Structure formats: structure tokens, C-alpha cells
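>>> sequence first, then the predicted structure:
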Amino acid sequence: MSEEKSYVAKRPPMGWNSWDCYGAAVTEDILLGNARYMAENLKEFGWEYIICDIQWYEPGADSHAYHKFTDLEMDEYSRLMPATDRFPSARDGKGFGPIAEQIHDMGLKFGIHIMRGVPRQAVHRNTPILGSKATARDIAHPASICMWNTDMYGVDANCEGAQEYYNSIFKLYAEWGIDYVKVDDIARIDCGPEAPGAGFSEIAMIKKAIANCGRDIVLSLSPGPARVEQKDFLLDNANMWRMTDDFWDKWDLLYGMFERCKAWEGIGCKDHWPDCDMLPIGHLCVCEDASGDETHKLSDDPARANKGHYTHFTEDEQKILMTLWCIFRSPLMIGAEMRDNDEFTLSLLTNKKLLNMHKHGKKAREISRKDDMVIWKSQTKDGKLYVAVFNIGEKENSAKIKFKDLGLDTKDEFPAIDVWEGSRYTIKDKKEVKLKPHSVVCFEIEAGETFSKS
């Protein structure tokens, strides 16, 4: 098998996820509309995944809120199925197959969100498990529950039928043509490897089920924070894992991400990526009432025009977000209703030099932090060096780019390009960078062959 085929996530996945804009209320038309936008506007830049987030199996889901103990669509083998009022092509047991086929025909990949465990509804009805004499009630761990969603009980890994249940759902996903599964209520592994029905044991069962399903599927674990001391287990069992709880368009969350990235630096590698979570940019919370923000026209579509809000991050803060996620090499999942992207939002997602840093950067690390002036660097095999200087403080400040921190000869000078502005520079040792609060500058430096071999 070639190196390329041996990885399902050789590079950090790039795509769109329905949660930030539609919560639990996403529909077939929304998925396909955003897929068409990606195919037409973003695919050439490396964006490829369309992810249907939570509650796709719930008829009538209509917001970011969850309906407690509601009826779910389910087949005779305890497996949740797409709600046909929201995904009409799923009728007659077709599931997500028709949607996946259409998305694949656009040259894209399709993913879904699931909760860990077995449906409570299946447990209460004592429905069968495909490939086993056990029932849903036999494999359930009733004390293992999600604190914010009532849909599932954990699965007790010690019970006969537990692995067969996970095998059966991932076999179904493979038949549908699923390329990516985000498993929720599982990345906070707080209960230890011996605890049945949660954490380590369910992740291990899911990994085994994917290995046996006959299809390459990316495994993403949510929410966080996952713990750095568990990195070896995560590297062995998942392609992505969340470093944080849900990330929204709030400055304090972005400020805190610098500490999280520092803690996880150097751990991401081919097929295994610490995940900073979503990119809450563009038009968000479309399934909710309008926020009263009149600074943007929300949408040209009357169905979306008075719903939700545009990101609360300033343009400079959005550049900070994109720069940190890309230099750190987090997976990138767009949170916006992409069909409503304005020119600036589109520019964030199509910056070739920024995305080259994300695609090819290596050895990313924070090289200094003082008075909320933070400097990160990464490098590429072809001799490019990326240096990002962030001012995450509340006043204007400056920092110096020191060549010794970058592995460069202090006597030399190098050509460089500002990744965001496109301006060209000649950079010398101890270049001073002055920045206003909540802003960033990122340089692509042509460090040359000597540096590329270091």
C-alpha cells in the first residue's frame, strides 16, 4: 500500500460543519446547498468535507436546543436513521446514501456526527443488535449518560454484543458512503480505561469497528478538553480530538486557545491532529432569531435574511483565528452558512499562502510570549519559514523577530511576504513588529535550501 493510501487524514481535514449555523436543525437542502458552494468556490483550495452535525435522526429538530427524551428515527437493529422529514432522500431505508452520492459527485467527501452509545429508545424497546443474540438492553450501561443530551446510554464494553453493535452502525455508515464520523460526548476521557461504557473503552470499540467496516473513515472525537497526558492513547486511536469545549466567536475563548496550542505543540502528525474546533466566522446561528446586529446584511435569501448574526470577531480577530489554526495545523471546519459569505469571509478561506502553511508546515511551535505578544513559527521542506506575531493584549505593543530563535544566520537577510497583506519585505535579524491590540502579522520567509535541511 502506498504512503498516500495508508492515511485517511495525512493532513488536517478541511471542511464545513453544520453546527455553528444550523445547530440540530440542518436539512438535506442545506447540506447540498453548502456542498455546491464549496465545490464551486473552495474545493480548489483544499476544502473537501461536508459534515452533518447532531440530531439528524430527530424529526422536527429546529434549533441549537435539544428536545429531551424525544422520539428518534431508528431501524429494527437499534441503529439511528436520518429523519425523513428533514432528509427526504433517506426514505425506504436508503439512509444518507443518496446525499453522500451527490456530494461525492461534486468531488467532495461527506461526514456525520453521532453520540457515543446506544439509543435509550432502543434500550427501552429492547430491540435487537445485528450480528448478535444480544439486545440493546443487554449492552447498555444505564449509569453512563451524557449530561447535556438524553438520546443515548453508554455501551458496556464487557458485554456480549457491545462490539457487534458498533460494528453494525459503522458497517451501515460504510454502506452509505460516509467518509468522516465525529463522535460526541467521548473526548473527555475522565473515567479511566477500566470504566465500562465510556471514554477509553468506547473509543477502542469504535476504532475496531472502523477498521472492520470496509471503508476509510476519519474518526473525530468531541468535545474537549482532551488531556495532554492521554496523547499516546489518542494518537493510537483517533484521527482528530478536541482540545477544547465548543469554540464560539468570543474573544476570551480565542485568547485561551494560545495556551491550549502551546500545551499540544509538537504532538500533531500524519493521521493524528489535536483539534482547536470550529471556525466561527461568517453568518452563524441561522436557525435562531436575529441578534440585532445591523452592521452586515445577513443574507440575500429571504429565508435567512433575518436569522442569526455575523461573527462577533473583528476582521483582525478573524485573522488571528485563521493564522493560529493554520500555523498550529488544526483541522479546519467552517462554521458559516457559506452561501452568505461576504468578500472578507471568502478571502479568509482562500488565502493560498496561509493554506500552504497549514498544508505543508511542520515543527510548529511557540518561540516566545511576553506581555501578550506571542510569536509562533513553522517551516516547510522546500525552505519556507513562517513566522506569526500576535498581539493578544489590550494595548499597542511590539516584539522582535530574532533569527537565532528561527534557526537562521543572524548575519543574513531574507526576502519575505506578508501572508495577509501581500507586501514584500527584506527581513533582518531583530526586526521589530509593532501591532495594535487584537491583531496579527504573518510572514512567509524564503529561508532557502540550507534552512530546509536543518
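Arrived safely. Predicted model only: the values in this text are computed from it and were never measured.

>>> residue 387: what's it in contact with?
By CB atoms under 8 Å, 6 or more residues apart in numbering, the contact list for residue 387 reads 375, 376, 377, 401, 406, 442, 443, 445. From N, CA and C alone the C-beta is placed, and that goes for glycine too.

>>> distance of it relative to residue 414?
Here residue 387 is placed at a distance of 10 Å from residue 414 (CB to CB, to the nearest Å).

>>> which neighbours do those two have in common?
With CB under 8 Å, 6+ apart, residue 387 and residue 414 have common neighbours residue 445.

>>> roughly how far apart are residue 86 and residue 60?
8 Å.

>>> in what helix or strand does the nearest residue to residue 136 once chain neighbours are set aside lie?
Nearest non-adjacent residue to residue 136, counting by CB to CB, 6 or more residues apart in numbering: residue 122, 3.7 Å away. With secondary structure defined by DSSP states H and E, residue 122 is part of helix 120-125.

>>> mind listing the helices for the stretch 101-250 of the chain?
120-125, 136-139, 162-176, 200-211, 231-237 (DSSP state H, counting those that start in this stretch).

>>> what does the longest one rub up against?
It stands for helix 162-176. Everything outside helix 162-176 that qualifies as a contact, by CB under 8 Å, 6+ apart, is 77-80, 95-97, 100, 112, 114, 118, 129-132, 134, 136, 139, 155-157, 181, 202, 205-206, 208-210, 212-215, 217.

>>> can you check stretch 246-255 too?
20, 223, 244, 257, 276-278, 280-281, 284, 311-313, 317, 320-321, 324, 392, 438.

>>> in strands only, show me these.
If you go by DSSP state E, the contacts of stretch 246-255 have residue 284 in strands.

>>> if any of the contacts of stretch 246-255 are buried, put those into a PyMOL selection.
Only the buried entries of those go into this PyMOL selection, using 16 or more other CB atoms under 10 Å:
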select buried, resi 20+223+244+257+276+277+278+280+281+284+311+313+317+320+321+324+392+438
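
>>> how's this protein carved up into domains?
4-360, 364-452 (automatic domain parsing).

>>> can you list those in TSV and add mean pLDDT?
As requested, these are exported to TSV (pLDDT from 0 to 100):
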stretch	mean pLDDT
domain 4-360	94
domain 364-452	94
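
>>> ranking those by burial, who's on top?
domain 4-360 (a mean of 20; mean count of other CB atoms under 10 Å).

>>> just the contacts of residue 387 now: which is nearest residue 342?
Nearest to residue 342 out of the contacts of residue 387 is residue 442 (CB to CB; 21.8 Å).

>>> what's across from the closest one in the sheet?
For residue 442, the beta-bridge partners are residue 388 (DSSP bridges).

>>> surely it meets residue 420?
Yes. Look at residue 442 against residue 420 with CB atoms under 8 Å: they come within range, at 6.3 Å.

>>> what do these two both touch?
With CB under 8 Å, 6+ apart, residue 442 and residue 420 have common neighbours 323, 354.

>>> what's in contact with the helix holding residue 122?
69, 71-72, 74, 78, 136-137, 140, 142, 150-153.

>>> could you dump the residues you listed to JSON lines with distance to residue 342?
What follows is the contacts of helix 120-125, written out as JSON lines (distance: CB to CB, whole Å):
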{"residue": "69", "distance to residue 342": "40"}
{"residue": "71", "distance to residue 342": "40"}
{"residue": "72", "distance to residue 342": "37"}
{"residue": "74", "distance to residue 342": "41"}
{"residue": "78", "distance to residue 342": "45"}
{"residue": "136", "distance to residue 342": "47"}
{"residue": "137", "distance to residue 342": "51"}
{"residue": "140", "distance to residue 342": "47"}
{"residue": "142", "distance to residue 342": "48"}
{"residue": "150", "distance to residue 342": "38"}
{"residue": "151", "distance to residue 342": "36"}
{"residue": "152", "distance to residue 342": "38"}
{"residue": "153", "distance to residue 342": "44"}
